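Enquirer: here's my sequence, what's the structure:
(chains A and B)
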Amino acid sequence: MTLAKISLALSVVVLAGCRDSSTTHAHRDEIENGRQLVAAYGCGSCHQIQGIINARGRVGPTLNGIGRRTLIAGKLVNTPANMRAWLMNPPAVTPGTAMPDLHINESSALAIAAYLATLK
Amino acid sequence: MNRRMTLLKTVGWLAIMSSIMLAAGCSGPLEMLSGSGEPAARIARLTWFMLLLGGAVYAVVLITTAVAIRRNRATPDDTPDLTRHGISWIIIGGVILPGLILLAVFIVSLGAMNRDERTQPTLTVSVVGHQWWWKLQYHPDDSTRTFYSANEIHIPVGRTVRLLLSSGDVIHSFWVPTLQGKLDAIPGVINDIRITADTAGIYRGVCAEFCGTQHANMAITVVAESLEDYLVWEAGQLENAHSSADSTSRAGQRLFVAANCAACHRVRGTDANGADAPDLTHVASRMSIGAGVLPMQPGALAGWIANAPAIKPGVLMPRISGLSGSELRLLALYVGSLK
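Expert: Next up, the predicted model:
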């Protein structure tokens, strides 16, 4: 009886290892959220983005490989925080840029930054 | 023998699985078998009638074949049975029966194609296919109420709407599967089609006749809303473009004319009076850019204005070069304000 209980408890512990830890799960949700936002904002009208439908734009730079690029807008170090700042108000970073201020809120900007970081 | 049975079973399962997969394709935004409104219901009834009739014919053919294989297997020495009994099988089963079935299908199809003239249409919209967008004119026969739009047809729910289909270049085909069967839009011809949406909602449609490289990017959307909502929308569309007093908007409006947008596009109430391309008086009130290619967003508008051919190769709208980054932003801001 006790043996059965122990083995049951053990298998529960083992099975728990099959689930992702909650942080990576949340991160994956954020990336997917970011991907959907990129489609909804129509970023593809200026940028080429692999995996986004109709993202064939040739106005701004391609976003393929943006996750490995050194600089954002040829100016900011490519970190999630800088990407967030750039997305939230591009003309504030680079006056005269064609990229408009889309009034993206902070959580959306972070989600988009998380998604863009996956484009290696 | 055993192997043959296994093969037969596999084939049978494949047939069942593929028909399930085919049936699964009947749901989604372009669903046709549980349509909205009488015209769509007629198409669905016709589809089921033909499917069941065809299935019955198929079953009878299979059973007859199976019986023929099991009994009276022919030998190489046999001569064909040319007696009355043998010939009558061919006459009845091969000529008379198919003839009757085809006649029944023909008559039922005619009934489904028949336009319902009893209900007077509440609204008439002229729908002219162009490479690759749909030009819409509401109330084409009433100059006091007429206005132009593109790619997005608003209709009052539960009312009969008459669409006058035509084309400005090649043959297109108007198909909103959940509302109606497809009907060609032909240059020089006006095809009259009626739609009724029983429930409010957004119905998607496509061009259903290959019309050039961007045929796949020629979506049409039908927005069915309550009569009150529709009338509010219509009153808004009838108004000229709202001229904003602020300097940014005025600068954008000047740029619109200076950048030659006005050569093709019209913004009612301004100097922009081009008539070849979509009317932009209330463009930002629509849901998509370029007939369903991009969502209506200020950023997406900027990209479309600057380089539409990159997104929709072959589109008549040229790449607009010569605009600086801030000019492009200004222009997109102005176009995005045309609600």
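Enquirer: strands along chain B, start to end?
Expert: Taking DSSP state E to define them, one finds strands in chain B at B:123-130, B:133-138, B:147-150, B:152-156, B:161-167, B:172-175, B:183-185, B:191-195, B:201-207, B:220-225, B:288-289, B:294-295.
Enquirer: nearest to chain A, out of these?
Expert: strand B:294-295 (4.5 Å; CB to the nearest CB). C-beta: built from backbone N, CA, C; applies to glycine.
Enquirer: now the closest one, how far from the chain's geometric center?
Expert: The chain centre lies 18 Å from the centre of strand B:294-295; the measure is CA atoms, centre = their mean, to the nearest Å.
Enquirer: number of residues surrounding the closest residue to chain A within the stretch 51-200 of chain B?
Expert: Residue of the stretch 51-200 of chain B nearest chain A, by CB to the nearest CB: B:W132 (13.4 Å). Neighbour count for B:W132, taken as other CB atoms under 10 Å in any protein chain shown: 25.
Enquirer: and what of B:G274?
Expert: Neighbours of B:G274 (other CB under 10 Å): 16.
Enquirer: ok, it - contacts?
Expert: Contact analysis of B:G274 by CB atoms under 8 Å, 6 or more residues apart in numbering or on different chains lists B:C261, B:A262, B:A263, B:C264, B:H265, B:R266.
Enquirer: make a markdown table out of those residues and add pLDDT and distance to B:I107.
Expert: What follows is the contacts of B:G274, written out as a markdown table (pLDDT from 0 to 100; distance: CB to CB, whole Å):
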| residue | pLDDT | distance to B:I107 |
| --- | --- | --- |
| B:C261 | 93 | 53 |
| B:A262 | 91 | 54 |
| B:A263 | 92 | 53 |
| B:C264 | 95 | 48 |
| B:H265 | 96 | 49 |
| B:R266 | 95 | 48 |
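Enquirer: just name the closest of those residues to chain A, please.
Expert: Using CB to the nearest CB, the contacts of B:G274 come closest to chain A at B:C261, 16.2 Å.
Enquirer: hmm, that closest one is touching B:N273, no?
Expert: No. The criterion here is CB atoms under 8 Å, and B:C261 misses it with B:N273 at 11.2 Å.
Enquirer: what about those two, which has more around it?
Expert: Per other CB under 10 Å, whichever of B:C261 and B:N273 has more neighbours is B:C261, with 21 against 12.
Enquirer: tell me how far that one lies from B:G205.
Expert: Per CB to CB, to the nearest Å, B:C261 is found 28 Å from B:G205.
Enquirer: what sits against the residue positioned nearest the centre of chain B?
Expert: Against the mean C-alpha coordinate of chain B, by CA atoms, centre = their mean, the closest residue is B:W175 at 2.4 Å. Counting by CB under 8 Å, 6+ apart, B:W175 makes contact with B:G181, B:K182, B:L183, B:G205, B:V206, B:C207, B:A208.
Enquirer: just give the nearest non-adjacent residue to the residue in the stretch 151-300 of chain B positioned nearest to chain A, would you?
Expert: Proximity of the stretch 151-300 of chain B to chain A (CB to the nearest CB) peaks at B:A300, 2.6 Å away. Spatial nearest neighbour of B:A300, excluding adjacent residues (CB to CB, 6 or more residues apart in numbering or on different chains): A:G42 at 2.6 Å.
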